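# Pasting the sequence and the predicted model now:
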Amino acid sequence: MNPRIFVFVVLALALPGCKTQSAMTAGATGCGTTKVDIVESRYAREGSTTVWCAKCNNKLYYCVTNPERSRVECKEAGPDLCE
């Protein structure tokens with residue numbers, strides 16, 4: 001098999017399983033994915049991929065997920081939590 005085709009096939013199979021923070025926030029809050037904005041917070045600056053802050057419909061959310069990204073929970077948050 002051509003190495004380029006192999007890499008393409010592997011990527012094509014892997015990408016649909018990837019869950020972005022925007023998609024997980026949308027699912028946990030009921031917002032549309034296009035309405036979710038991930039906020040630059042201390043969690044993002046520290047490189048966390050399992051804790052983040054997001055905005056949707058003028059509400060600020062604090063979200064957490066497990067390393068497998070199989071569960072996510074978002075709660076409304078005050079600005080001090082998402083600095």
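Nice, I can see it.

# can you give me the helices for this structure?
3-14, 21-29, 42-45 (DSSP state H).

# got the buried residues for stretch 55-71?
For stretch 55-71, the neighbour count (16 or more other C-beta atoms under 10 Å) marks K55, C56, L60, Y61, Y62, C63, V64, T65, R69 as buried. No exception for glycine: its C-beta is placed from N, CA and C like everyone else's.

# Residues in contact with it: which ones?
Identification of contacts with stretch 55-71 by C-beta atoms under 8 Å, 6 or more residues apart in numbering yields 19, 21, 24-26, 28-29, 31, 35-37, 39, 50-54, 72-79, 81-82.

# Give me the residue at the spatial middle of the protein.
Nearest to the mean C-alpha position of the chain, by C-alpha atoms, centre = their mean, lies Q21 at 0.6 Å.

# Hmm, I38 and that residue touching each other?
Yes - if you go by C-beta atoms under 8 Å, Q21 and I38 touch, sitting 5.3 Å apart.

# Mind listing the shared neighbours of the two?
Residues touching both Q21 and I38 by C-beta under 8 Å, 6+ apart: W52, A54.

# what number of residues lie near P79?
Neighbour count for P79, taken as other C-beta atoms under 10 Å: 10.

# For it, which non-adjacent residue is closest in space?
Nearest non-adjacent residue to P79, counting by C-beta to C-beta, 6 or more residues apart in numbering: L60, 6.5 Å away.

# How confident is the prediction for that neighbour, by pLDDT?
Predicted confidence (pLDDT) for L60: 97.

# Next one: it from S70, what distance?
Distance of L60 to S70, given as C-beta to C-beta, to the nearest Å: 25 Å.

# Next one: the residue nearest to the centre of the chain from E76, what distance?
Look at Q21 and E76: by C-beta to C-beta, they are 17 Å apart.
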